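Chemist: task: produce atomic coordinates for the following.
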Amino acid sequence: MSVERQLFPPTARHESLRRLLLAQDGSTTRTCSAMCGLPVQVLLHHQHRTAEVPRTVAEQLGGTSWLERVTSLVAGGQVLMDNLSYTRLDAVPDWFLSGLDEGAAPIGHLLARLFVQRQAIESEPALEAGLWRVVGLPDSRASRAYRIVTPEGPLMLIFEVFRGGLVPQPEPALS
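Modeler: The predicted structure is shown next:
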């Protein structure tokens, strides 16, 4: 799949949209789909189980084994957002891991079956580098990190960046 990735525009006219995206705590996939008016696809760059994670992941989630996953949400040939997530393997139900292993469903759709809270956290360069190595085009202005917590404890840590594909393009002038 060929897609175009752009920085989120640094212009003043897009500042309120950037703040809104960073502040929303519902389904990011549904928000992206509503904004672009198209179905959103998940592009899975890689997914693997690991015992080696950035310090923040181990501190925020606990555990000794995690699933690392890098995805992009795309629509209309544009990247809407890039995402790096870590899931604590001993803290998730089997059906959740099966859904992740299939690689097609956005994480938010799986989380909808669990009672979860999102908690904003401070990111760190080692965490961010894990996403930038895969997708390139670092953009700290349009990035955020948070963890997903269930009543039983921390489940996931997510670092994501919103991309320029979310910004409505001006209509071409008729001549």
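Chemist: check contacts around the closest residue to residue 91 other than its chain neighbours.
Modeler: The shortest distance from residue 91 to any non-neighbouring residue, by C-beta to C-beta, 6 or more residues apart in numbering, is to residue 155 (5.3 Å). In short, each C-beta sits where N, CA and C put it, glycine included. Shown in contact with residue 155 (C-beta atoms under 8 Å, 6 or more residues apart in numbering): 61, 87, 88, 91, 92, 114, 116, 147, 148, 149.
Chemist: so what does the helix or strand containing residue 99 touch, helix or strand wise?
Modeler: Per DSSP states H and E: residue 99 is located in helix 94-102. Packing partners of helix 94-102 (3 or more C-beta pairs under 8 Å, 6 or more residues apart in numbering; DSSP states H and E): strand 66-75, strand 78-88, helix 107-111.
Chemist: go again with 6 Å.
Modeler: With contacts defined as 3 or more C-beta pairs under 6 Å, 6 or more residues apart in numbering; DSSP states H and E, helix 94-102 has no helix or strand neighbours.
Chemist: buried ones in that helix, by neighbour count?
Modeler: Going by neighbour count (16 or more other C-beta atoms under 10 Å), the buried part of helix 94-102 is 96, 99, 100.
Chemist: tell me where the model's unsure across this protein.
Modeler: 1, 26, 103-116, 169-175 (pLDDT under 70).
Chemist: try 90
Modeler: 1-4, 7-11, 13-42, 76, 89-120, 148-153, 155, 165-175 (pLDDT under 90).
Chemist: all the helices of it, residue numbers only.
Modeler: Listed in chain order, the helices of the chain (DSSP state H) span 15-23, 28-36, 55-61, 94-102, 107-111, 125-135.
Chemist: mind checking how far the residue nearest to residue 91 is from residue 4?
Modeler: 32 Å (C-beta to C-beta, to the nearest Å).
Chemist: ok, now residue 148?
Modeler: 29 Å.
Chemist: next one: residue 36
Modeler: As defined by C-beta to C-beta, residue 36 lies at a distance of 13 Å from residue 4.
Chemist: more neighbours, these two?
Modeler: Higher neighbour count among residue 36 and residue 4: residue 36, with 19 against 12, using other C-beta atoms under 10 Å.
Chemist: hang on, the earlier thing: what residues are shared contacts of residue 36 and residue 4?
Modeler: When C-beta atoms under 6 Å, 6 or more residues apart in numbering defines a contact, no residue borders residue 36 and residue 4 alike.
Chemist: so who does the residue nearest the centre of the chain touch?
Modeler: Centrality entry for the chain: nearest residue to the mean C-alpha point is residue 83, 3.1 Å, by C-alpha atoms, centre = their mean. By C-beta under 6 Å, 6+ apart, the residues touching residue 83 are 71, 160.
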